[in-house]
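Novice: okay, sequence plus prediction incoming.
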Amino acid sequence: MHLAISLHDAVDLIPDGASVMLSGFMGVGVPDGIVHALAEAGKKDLTLISNDTARDTSGPGPLFAAHCVKKLICSHMGLNTIVQAQYASGELEVELVPQGTLVERIRAAGVGLGGILTPTGVGTLVAEGKQIIEVDGKEYLLELPLSADFALIAARSCDYVGNLSYMLTATNFNPIMALAGRTVICEPEEIVPVGVIPPDAVKTPGVLVDHVIRSTT
Amino acid sequence: MHLAISLHDAVDLIPDGASVMLSGFMGVGVPDGIVHALAEAGKKDLTLISNDTARDTSGPGPLFAAHCVKKLICSHMGLNTIVQAQYASGELEVELVPQGTLVERIRAAGVGLGGILTPTGVGTLVAEGKQIIEVDGKEYLLELPLSADFALIAARSCDYVGNLSYMLTATNFNPIMALAGRTVICEPEEIVPVGVIPPDAVKTPGVLVDHVIRSTT
Amino acid sequence: MDPKALIARRVAQEIEPNTLVNLGIGIPTLVSDYLDEDMGVFFQAENGAVGMGHRPPEGMSDRHLTDAGGRFVSFVPGASTIDSAFSFGLIRGGHLDLTVLGALQVDEAGHLANWTIPGQYTPGMGGAMDLVTGAKKVIVAMQHRAKGEAKILRECTLPLTSQRRVDLIVTELGVFKPEDDGLHLIERAPNVTLEMILAMTEARLIHAADVPEMHVGC
Amino acid sequence: MDPKALIARRVAQEIEPNTLVNLGIGIPTLVSDYLDEDMGVFFQAENGAVGMGHRPPEGMSDRHLTDAGGRFVSFVPGASTIDSAFSFGLIRGGHLDLTVLGALQVDEAGHLANWTIPGQYTPGMGGAMDLVTGAKKVIVAMQHRAKGEAKILRECTLPLTSQRRVDLIVTELGVFKPEDDGLHLIERAPNVTLEMILAMTEARLIHAADVPEMHVGC
């Protein structure tokens, strides 16, 4: 049984210096409550893994405004002026990863693969320092698994055993990151009784979810 | 628009000597109609990729009874006496693949990866002839993509653009093989108007499906 | 005609019925305006939509349904939702029939550079590298020059997006096709002469004596 | 007590509340009979079920809901369906807390052989290699000997299922734990002497002078 915890208790679980996966795509499908709470708590030196940095006040934005992030691993940071400034000043270390490679590296960690071979990035700057493996006469980059201490994810519905369903494009990285965080914390829009989410509609089985944040409202 | 075709026309698409992925697990989630029709048509020299061989008269069973299969790639063939006899006599060539590796190889082909690194099989007979790649001090087998000329899959519901939904454990290999067949033929339990399967309930988008078999009843 | 509209109209002609198409930001986005809605084309968005439609009517937008830029969209009948791994599985796995993207530079070998300018702020490649590497067909849709500089070059000077050769380049001056023997000029825009194109292009162009005119039907 | 029931009862004691567990065929399947249903344990089936329950009542079976052996099952409240890639993602990714399997042989190093006998018909490894390699904890549940032959050996003579060391071995004679220094005998079954176990086991066993008796509470 996954006890629903308060936002406050969820924030306390995450220490300074932790690596944190944050789901979402341009601010959609992001667990906004815990993002704001972490920013307000003044967490320090986080390594943040997120597809993008959305905008200054959306998605992971508040974490940068509060100077919580030391290192960012993402595919795009183009529309967040705070990120741009922190990157330019050297406050923020950034590793850019092609989006398809990013999600596949996260999945690899989650499903116990030692890496995957992708054609994406061969012959580009992304290939620098990476092993190239030839299969059937075609070159691929060996890309390594990417896990994190915490995965912070958002869901449409969650039941009391932690089963999750997502809605439309708010799905994005959520089900993949739910596989790859050593501790998975979910902030659902609603918590429903067990049985309300039909077995075929569950996209993340509750066995993957460690904590569910109880609504503060 | 994916025109629904007859079982007869579907069978005609598949030539002797083709490689065919057949979904299902112990006879559950198998497109039984096309299996029987291929057997009756007396197809020859097929390479069959299937998790298991179910029993003599279930799942892919009829294809062996009709001597359609030259080579079998599977994880388990234990409960089918015809397969056992054909394997013993040398009529049937068999490649055994661990189940998790099998599905991940099929997925790799479907999502354009050149291979995956798995810990499964390291230090066993399965490792023979395979490249071992060390990541972070741990050994992995490089397992290569597995595609096929055809993927024959079963679905619970299909709409007229080919969107598919599956039901419970009849899901199994279906959504993965739907990614990896060069031509994907689906035999659904029902064909429904577009819109009946909600966007979040679609597990295989219609863009992956080439042909849908119209019920013969 | 407006140069961007001209480019979008010409690219729209390349789209086959019943295909899966991804349109990048900028000019590529305009392409959908010139397509017949009965063609059975499904638009993919990297964030996990197959069958994206127009911006919804006032008051009908939903925060769970957005495009890759985070803008509200609608779903067409038969649309479906996929997660990010599935979305890039479609892209990298060759299930995406066509992607249309902008470019900073393209060259005679058909190489595309569209994600970074060394020494300048780099927002990130997002999904561009996967799209260019994985899509069955890649069309570059861009204005012919930028700030007075040629963008179709002998060889890209900016870092490449992929080593894959793009299939077609459409600008307001013409249509270009990279082949094994070099870059072919295959159409010129209405009221544009061969000489104008040659003058505005750094790449060496292979062309017939009489380059046919683009038909955009308007 | 029936030897198989004894083994299953003892293995059941190893199962922690709120975990994900996969039970192999044979003796392992019996383990679920000895668990409290309120423990919050979810049983996984490789074919894509999380939360598998008992065989359904007469007339309530459905051909879309089966276990990895193709037998009709039911779902417990909170169950979910996953595809085969997800199912083995759970197994290989370390999300499966425990797997209980049978064995042909195990040895002092904790190596398990349970999938093939050279020269004999080999049905296939199915999911066994992934389960043994990936599960957080692996328990072997088997009868101590087969056809008069020892199954707990100094070194497996049959091809291994994985190079991973199993965590515990439970037979009708005792409980054995492979460690860095060798194979420990940690419990003996009721009414079984140390001497009997040593006589029936080829492997060298590390043990206390007074090996405690298994408690199976019945």
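Specialist: All right, it came through fine.
Novice: quick one: contacts of the helix or strand hosting residue A:10?
Specialist: For residue A:10, the element it lies in under DSSP states H and E is helix A:7-13. Contacts to helix A:7-13, defined as Cβ atoms under 8 Å, 6 or more residues apart in numbering or on different chains, come from residues A:33-34, A:37-38, A:41, A:43, A:150, A:183, A:185, A:187, A:211, A:213-214, A:216. Backbone N, C-alpha and C define where each C-beta goes, glycine included.
Novice: can I get it as CSV, trimmed to CA atoms?
Specialist: Extracted in CSV, the C-alpha atoms of helix A:7-13 (Å, rounded to 0.1, in the frame of the first residue of the first chain):
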residue,chain,number,x,y,z
LEU,A,7,3.8,17.9,-0.2
HIS,A,8,5.9,18.9,2.8
ASP,A,9,7.0,15.4,3.5
ALA,A,10,7.8,14.8,-0.1
VAL,A,11,10.1,17.8,-0.2
ASP,A,12,11.9,16.6,3.0
LEU,A,13,12.7,13.3,1.2
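Novice: list the buried ones in that helix?
Specialist: Residues A:7, A:10-11 are the ones in helix A:7-13 that count as buried (16 or more other Cβ atoms under 10 Å in any protein chain shown).
Novice: C-terminal to it, what's the next element?
Specialist: Note on helix A:7-13: by DSSP H and E, the next helix or strand toward the C-terminus is strand A:19-22.
Novice: so how far is chain B from the residue located most distally from the centre of chain C?
Specialist: Distance from the C-alpha centroid of chain C, by Cα atoms, centre = their mean, peaks at residue C:59 (31.1 Å). According to Cβ to the nearest Cβ, to the nearest Å, residue C:59 stands 21 Å off from chain B.
Novice: up against chain B, what does chain A have?
Specialist: A:104, A:108, A:111-119, A:133, A:135-136, A:138, A:140, A:142, A:144-145, A:165-168, A:171, A:199-201 (Cβ under 8 Å from any Cβ of the partner chain).
Novice: at 7 Å instead, please
Specialist: By Cβ under 7 Å from any Cβ of the partner chain, the part of chain A that sits against chain B consists of A:112-119, A:133, A:135, A:138, A:140, A:144, A:167-168, A:199-201.
Novice: among those residues, name the ones in strands.
Specialist: Assigned to strands by DSSP state E, the following of the residues of chain A next to chain B qualify: A:115-118, A:133, A:135, A:138, A:140.
Novice: and residue C:139, how many neighbours does it have?
Specialist: For residue C:139, the neighbour count with other Cβ atoms under 10 Å in any protein chain shown is 24.
Novice: that one belongs to a strand, doesn't it?
Specialist: Yes: the assignment for residue C:139, made by DSSP: H, G, I helix; E, B strand; the rest coil, places it in a strand.
Novice: circling back: for residue C:94, state which of the buried residues of helix A:7-13 is nearest.
Specialist: residue A:10 (41.2 Å; Cβ to Cβ).
Novice: next up, the contacts around the residue nearest to residue A:29 when sequence neighbours are not counted.
Specialist: Leaving out its chain neighbours, the residue that sits closest to residue A:29 by Cβ to Cβ, 6 or more residues apart in numbering or on different chains is residue A:170, at 3.6 Å. Applying Cβ atoms under 7 Å, 6 or more residues apart in numbering or on different chains, we find residue A:170 in contact with A:28-29, A:154, A:156, C:64.
Novice: coming back round to it: now which of the contacts of helix A:7-13 would you call buried?
Specialist: Buried by 16+ other Cβ under 10 Å: A:33-34, A:37-38, A:41, A:43, A:150, A:183, A:185, A:187, A:211, A:213-214, out of the contacts of helix A:7-13.
Novice: coming back round to it: nearest to residue C:85, of the buried residues of helix A:7-13?
Specialist: Nearest member of these to residue C:85, counting by Cβ to Cβ, is residue A:10, at 25.6 Å.
Novice: just the pLDDT at the residue nearest the centre of chain C, thanks.
Specialist: Closest residue to the average C-alpha location of chain C: residue C:100 at 2.1 Å, with Cα atoms, centre = their mean. What the model reports for residue C:100 is a pLDDT of 98.
Novice: same question, residue A:37
Specialist: On pLDDT, residue A:37 comes in at 98.
Novice: how near is it to chain C?
Specialist: In terms of Cβ to the nearest Cβ, residue A:37 sits 20 Å off from chain C.
Novice: hey, where'd the helices end up in chain C?
Specialist: C:3-12, C:27-30, C:84-92, C:128-134, C:194-200 (DSSP state H).
Novice: mean pLDDT and mean neighbour count added to these, as a markdown table?
Specialist: What follows is those, written out as a markdown table (pLDDT from 0 to 100; neighbours: other Cβ atoms under 10 Å in any protein chain shown):
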| stretch | mean pLDDT | mean neighbour count |
| --- | --- | --- |
| helix C:3-12 | 97 | 21 |
| helix C:27-30 | 94 | 21 |
| helix C:84-92 | 98 | 27 |
| helix C:128-134 | 98 | 28 |
| helix C:194-200 | 96 | 14 |
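Novice: please name whichever of the ones you listed is nearest to residue B:3.
Specialist: Comparing the helices of chain C under Cβ to Cβ, the one sitting nearest is helix C:84-92, at 21.9 Å.
Novice: give me the contact status of the closest one with chain A.
Specialist: Yes: Helix C:84-92 lies within reach of chain A by Cβ under 7 Å from any Cβ, at C:84-85, C:88, C:91-92.
Novice: distance from the chain centre to that helix, please.
Specialist: 18 Å (Cα atoms, centre = their mean, to the nearest Å).
Novice: what does it rub up against?
Specialist: By Cβ under 7 Å, 6+ apart, helix C:84-92 touches A:99-100, A:103-104, A:107, A:118, A:120, A:172-173, A:176, B:110-112, B:179, C:44, C:46, C:48, C:96, C:127, C:130-131, C:133-135.
Novice: my read: residue A:54 touches residue A:64, true?
Specialist: No: between residue A:54 and residue A:64 there is no contact under Cβ atoms under 7 Å: 10.0 Å.
Novice: got a list of what residue A:38 touches?
Specialist: Contacts of residue A:38 (Cβ under 7 Å, 6+ apart): A:11, A:14, A:63, A:68.
Novice: where along chain A do the strands fall?
Specialist: A:4-5, A:19-22, A:46-49, A:69-74, A:93-96, A:115-118, A:132-135, A:138-143, A:148-159, A:164-165, A:181-192, A:211-213.
Novice: mean confidence for the fourth one?
Specialist: Strand A:69-74 shows an average pLDDT of 98 in the prediction.
Novice: next: the fifth one.
Specialist: Here strand A:93-96 scores 97 as its mean pLDDT.
Novice: near residue C:162, how many other residues are there?
Specialist: 28.
Novice: please report how far it lies from residue B:9.
Specialist: 39 Å (Cβ to Cβ, to the nearest Å).
Novice: rewinding a little: how far away is the residue farthest from the centre of chain C from residue B:98?
Specialist: 53 Å.
Novice: wait, what's in contact with residue C:181?
Specialist: Applying Cβ under 7 Å, 6+ apart to residue C:181 gives the contacts residue C:206.
Novice: so for it, what's the pLDDT?
Specialist: Value listed for residue C:181 in the pLDDT field: 97.
Novice: apart from its neighbours in sequence, what residue is nearest residue 130?
Specialist: No chain in the question, so chain A it is. Nearest non-adjacent residue to residue A:130 (Cβ to Cβ, 6+ apart): residue A:141, at 4.9 Å.
Novice: should've been chain C
Specialist: The spatial neighbour of residue C:130 that comes closest, neighbours along the chain excluded (Cβ to Cβ, 6+ apart), is residue A:100 at 3.5 Å.
Novice: pretty sure the one you found is touching residue A:121, no?
Specialist: No: using Cβ under 7 Å, residue A:100 is not in contact with residue A:121; the gap is 9.6 Å.
Novice: settle it for me: which of the two has more neighbours?
Specialist: residue A:100 (34 against 25).
Novice: pLDDT score assigned to that one?
Specialist: 98.
Novice: ditto for residue A:2
Specialist: In this prediction residue A:2 is given a pLDDT of 60.
Novice: where in chain A is pLDDT low?
Specialist: Within chain A, the stretches with pLDDT under 70 are A:1-2, A:216-217.
Novice: all good on my end, thank you.
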